[in-house]
Structure formats: C-alpha cells, structure tokens
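Student: Fold the stuff below for me.
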Amino acid sequence: MAYQAKLRVWRGDATSGELQDFEVEANEGEVVLDLIHRLQATQTPDLAVRWNCKAGKCGSCSAEVNGRPKLLCMTRMSTFDEDEVITVTPMRTFPVIRDLVTDVSYNYEKAREIPSFTPPEGLEPGEYRMQQVDVERSQEFRKCIECFLCQDTCHVIRDHEENKESFAGPRFLMRVAELEMHPLDDADRVEAVQSAHGLGFCNITKCCTEVCPEGIHITDNALIPMKERVADRRYDPIVWLGNKIFKRNGA
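Tutor: You can find the predicted model right below:
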C-alpha cells in the first residue's frame, strides 16, 4: 500500500543551508533513495544527490539518515513507521558541495599516501605463489566498496577537523593492515601505520564496524591487530633486546 512519507532533507551548499520538509509517496519494498529520486522528479528537480548502482555495491549514495551514516539505497522504508519523519542529511565529516553531495577528496588524498603492494625483489608478476590459508585473513578487507561511511562516523575526524592531516581514518588503516598481512608484501608498514597514518588516534570504539554495509570487522580484524604489532615492535622487551643486538652486530 502506498502512503505519504515525511522527509526532512538538507538543502544548501558550502556557505549555507537548511532542512526542508516534504511529503513523498512511498510504496512497498522501496528504499530511501527511491523517495529521493521521486522527490527530484516531482518537487525538487535541482536536488543534488550522488548515486550510481542502487545495489549497495558502488558506495556512491552515502549520506546520513536520522543522524546515522547509511547507504540510501540500502535503507529500507519498511524500517520506519509510516508517520515518522525521516531526516536525510549529507555526511557530516566532509565539506558540503551541494545538498546531499559532499567533497570526499580527503579520502583519495589519504589513499595516495599509502605505499602500494611491494613484492619481494626479483619476483615478477605471474610468479606470485601463496597458499589460500595465508591470504584469508586479509581477503575480508577487499570487500570494501569505499562508501566512506566508516570515515564519516569516526569521531577522530568527525568531531576534530584538525586531525585530518595526520589521521588516515579506518578505511585506509584497514588498507595498511591488508598489505601488512599479505604473505608476499615485503614492505615494513608497522612503524608507518603509527607515525604516518595516525593509528594511535584510534580508540577502538567499533563505530566504523557498526556502519560498514559490507559487514567488515574493521576494528577487530584490522585495527586491533595493527595496534598489537605496533605494541610488539615498540614495547615488547624481547623484541627490543633483539633489535639492540642486531643493531650492535650490524655496526
């Protein structure tokens, strides 16, 4: 059965904006993005929203629904009461371009700061050999669709703009973890993840894991293991002693 849903949508740009109320027809089986499209078609043709696949795989339609980071195409209208006001706003962590579209270039800048996969010297493409058991741990991280909802919800940058320069955010700390756990990656990423990418800012609240539409266990399987490796490197007395001995022998 169709009914008139109540939407409260943020309209504006980088300089100013406001929440505007609308009533839009909603039908059985629809998602919030369907209503945003209907709103564009019937009332606000200039409403800006980013989307692509409408199947939860491109990560384009990220926004906030009732204050919670969500993919609009994966947020079903059936999860709301028919008389409930549904508030749709842009991702708060990133600068607004217009309406529901934000500037997520920060994320691509952080991606470029991470050194790429580094195979062992002399090993050519096509010669990579590894056991499935060795790649299973990092395989989960490759499900990421780069919706940046984990970046949006992370309070380290959501509430502290000044941290963006020195903090890569959960999505790219997970990328470092993926490479560090790769059986053929030869780069030493443990020191860099702390000093260059800001792992120490993370206090493992698991908010990134909670909003991930792919169900990736970002905190438990990526961030905490990397913190453990950093702690082993810096504070484990046996590792410290071994480093001293090897450094002395090298001298």
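Student: ok, residue 175 - how many residues close by?
Tutor: 23 (other Cβ atoms under 10 Å). (Glycine included, C-beta is placed from N, CA and C.)
Student: and it, what element?
Tutor: Using DSSP states H and E, residue 175 maps to helix 170-180.
Student: now that helix: mean pLDDT?
Tutor: Mean per-residue pLDDT for helix 170-180: 97.
Student: what's the answer for stretch 8-22, then?
Tutor: Mean predicted confidence for stretch 8-22 is 97.
Student: So the closest residue to residue 83 other than its chain neighbours: helix, strand or coil?
Tutor: Excluding its sequence neighbours, the residue lying closest to residue 83 (Cβ to Cβ, 6 or more residues apart in numbering) is residue 6, at 7.3 Å. Look at residue 6: counting by DSSP: H, G, I helix; E, B strand; the rest coil, its state is strand.
Student: Which of the helices or strands spans the residue nearest to residue 57 when sequence neighbours are not counted?
Tutor: Of all residues not flanking residue 57 in the chain, residue 145 sits nearest, at 5.8 Å (Cβ to Cβ, 6+ apart). Following DSSP H and E, there is no helix or strand that holds residue 145.
Student: quick one: pLDDT of residue 145?
Tutor: On the pLDDT scale, residue 145 is placed at 98.
Student: Does it touch residue 60 like I think?
Tutor: No. Assessed by Cβ atoms under 8 Å, residue 145 is found out of contact with residue 60, at 9.1 Å.
Student: now the residue lying closest to residue 156 once chain neighbours are set aside: how far from residue 48?
Tutor: By the measure of Cβ to Cβ, 6+ apart, the closest residue to residue 156 outside its immediate chain neighbours is residue 201, 4.7 Å from it. Using Cβ to Cβ, to the nearest Å, residue 201 is found at 32 Å from residue 48.
Student: before we move on, what about residue 40?
Tutor: Computed as Cβ to Cβ, the residue 40 to residue 48 distance reads 9 Å.
Student: between residue 201 and residue 48, who's got more neighbours?
Tutor: residue 201 (18 against 15).
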